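>>> missing the sequence, but the structure's below:
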């Protein structure tokens, strides 16, 4: 990993927190800064070293530096433009999922009945897919997977859409209890501002 100047960059201190909270906080903060800007992350969760490498790859962000000092980890992350995949298979799977989610969204725009009112976001597409598999194994299917609205996050991503708040919060809490890196629940308001309710 390359060295990076750490002067004048924001710090996200996740010390004392355990998986998936460090990645959730990092993801939220990273989405507030422009592409190419950097964040410094402090963590003492032993799983963080492996998690940050996988998360960086899955989200298309760049892990510039990683070191251990004084009993905790320090990582420097540069915000990327989103995951695009490295191999042809990765790219095909990623594009296929995007096409499928956008088709569902356009269908719901044309036939607006049963349209979701609440959206659950994740730290990465891969985490959303993993959560979807977990819920399907439990025969939970009261949601629909959709592309993340550009007002929430301008790059590729997925969300779970729910018709009512109770279902959205119940699944949010279930996934959180089972160590999935969920971010927030947003309400779809008439101005398309998607305020958070969690």
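Received, thanks. Here the structure is a predicted model, which means the values were calculated and not measured.

>>> got the domain ranges for this structure?
Split into domains by automatic domain parsing, the chain comes to 10-78, 88-187.

>>> read off the pLDDT value for the most far-flung residue of the chain relative to its centre.
Centroid-distance maximum for the chain: residue 70 at 29.3 Å, with CA atoms, centre = their mean. With respect to pLDDT, residue 70 has a value of 91.

>>> next up, the contacts around the residue positioned nearest the centre of the chain.
In the chain, the residue lying closest to the centroid (CA atoms, centre = their mean) is residue 123, at 1.6 Å. Contact partners of residue 123, counting by CB atoms under 8 Å, 6 or more residues apart in numbering, are 20, 23-24, 26-27, 55, 59, 181-183. C-betas here are computed from N, CA, C, even on glycine.

>>> tabulate these in JSON lines, adding columns for distance to residue 141, neighbour count and pLDDT.
JSON lines is the format used below for those (distance: CB to CB, whole Å; neighbours: other CB atoms under 10 Å; pLDDT from 0 to 100):
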{"residue": "20", "distance to residue 141": "23", "neighbour count": "24", "pLDDT": "76"}
{"residue": "23", "distance to residue 141": "26", "neighbour count": "27", "pLDDT": "85"}
{"residue": "24", "distance to residue 141": "24", "neighbour count": "22", "pLDDT": "84"}
{"residue": "26", "distance to residue 141": "30", "neighbour count": "26", "pLDDT": "89"}
{"residue": "27", "distance to residue 141": "26", "neighbour count": "23", "pLDDT": "85"}
{"residue": "55", "distance to residue 141": "27", "neighbour count": "23", "pLDDT": "81"}
{"residue": "59", "distance to residue 141": "26", "neighbour count": "26", "pLDDT": "78"}
{"residue": "181", "distance to residue 141": "21", "neighbour count": "24", "pLDDT": "83"}
{"residue": "182", "distance to residue 141": "17", "neighbour count": "24", "pLDDT": "89"}
{"residue": "183", "distance to residue 141": "21", "neighbour count": "25", "pLDDT": "88"}
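
>>> would you map the strands across the protein?
Counting by DSSP state E, one finds strands in the chain at the ranges 10-13, 38-43, 62-69, 72-78, 118-122, 144-147, 158-162, 182-187.

>>> now those strands in TSV, please, with extra columns for distance to residue 136.
Shown next, in TSV, are those (distance: least, CB to CB, whole Å):
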stretch	distance to residue 136
strand 10-13	32
strand 38-43	31
strand 62-69	31
strand 72-78	31
strand 118-122	15
strand 144-147	11
strand 158-162	12
strand 182-187	16
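
>>> quick one: closest of the ones you listed to residue 129.
Using CB to CB as the measure, strand 158-162 is the one of the strands of the chain that comes nearest residue 129, at 7.6 Å.

>>> avg pLDDT for that closest one?
93.

>>> quick check: residue 14 touching residue 21?
Yes - counting by CB atoms under 8 Å, residue 14 touches residue 21, with 6.6 Å between them.

>>> what's around the residue lying closest to residue 19 once chain neighbours are set aside, how many residues?
In space, and not counting its chain neighbours, residue 19 is closest to residue 47: 4.8 Å by CB to CB, 6 or more residues apart in numbering. Using other CB atoms under 10 Å, residue 47 has 14 neighbouring residues.
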